[in-house]
Every structure is written in structure tokens, then in C-alpha cells.
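# only geometry, no sequence info:
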């Protein structure tokens with residue numbers, strides 16, 4: 001059976017919102033990563049932008065991006 005993404009993924013702090021592009025502080029490496037979100041205001045799960053530089057477990061777990069109450 002394939003591993004599944006954990007429901008216990010950490011939340012990435014939102015640094016800026018530019019339309020559907022969201023810049024976050026990665027909870028794994030501490031650097032800023034940029035992601036496109038489907039819907040502002042809806043929590044979304046994303047893989048860390050540090051990709052190959054983080055552990056396989058972190059890549060699998062990912063993190064939550066919450067844009068509720070954030071401005072464009």
C-alpha cells in the first residue's frame with residue numbers, strides 16, 4: 001500500500017498574497033516558498049518548495065496553507 005499524506009501536517013505561515021500566488025514561510029527549512037492556490041479562503045495542502053533538500057517524510061507530509069482573512 002502506498003504511503004498517505006499525514007493529517008498532522010504543519011501549517012506554513014502566510015507571508016504575502018498576490019492574487020492566487022501565496023508566499024509562505026516553510027515550516028521545514030524556514031525559507032520562503034511560493035505556491036498557487038485554487039481558492040483563497042480555503043485551507044490547502046501543498047508539498048514543501050524545498051523539495052529534494054528535505055526528507056522524504058516531509059515531502060510526503062507537506063504543509064497546510066490557510067488564506068482565510070488574507071487580502072489579495
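Structure received. Here the structure is a predicted model, which is why all the values come from computation and not from measurement.
# so where's the chain uncertain?
Residue ranges of the chain with pLDDT under 70: 1-7, 71-72.
# so what strands line up beside the strand ranked longest in it?
Counting residues, the longest strand in the chain under DSSP state E turns out to be strand 11-18. For strand 11-18, the paired strands and their directions (DSSP bridges) are strand 21-25 (antiparallel), strand 63-65 (parallel).
# can you give me how far the first one is from the chain middle?
When distances are taken as C-alpha atoms, centre = their mean, to the nearest Å, strand 21-25 is centred 8 Å away from the chain's centroid.
# ok, now the shortest one?
Relative to the centre of its chain, strand 63-65 is centred 4 Å away, using C-alpha atoms, centre = their mean.
# repeat that for stretch 9-17.
For stretch 9-17, the distance to the chain centre is 6 Å (C-alpha atoms, centre = their mean).
# other residues contacting it?
With contacts defined as C-beta atoms under 8 Å, 6 or more residues apart in numbering, stretch 9-17 is touched by 22-28, 32-33, 40, 45-46, 61-67, 70-72. Backbone N, C-alpha and C define where each C-beta goes, glycine included.
# list the buried residues for it?
Across stretch 9-17, burial judged by 16 or more other C-beta atoms under 10 Å covers 9, 12, 14, 17.
# want to throw these into JSON lines with distance to residue 53?
Listed next are the buried residues of stretch 9-17 as JSON lines, based on distance: C-beta to C-beta, whole Å:
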{"residue": "9", "distance to residue 53": "18"}
{"residue": "12", "distance to residue 53": "16"}
{"residue": "14", "distance to residue 53": "22"}
{"residue": "17", "distance to residue 53": "25"}
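# dump the strands paired with strand 11-18 into JSON lines; add distance to residue 56 as well.
Putting the strands paired with strand 11-18 into JSON lines (distance: least, C-beta to C-beta, whole Å) gives the following:
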{"stretch": "strand 21-25", "distance to residue 56": "21"}
{"stretch": "strand 63-65", "distance to residue 56": "15"}
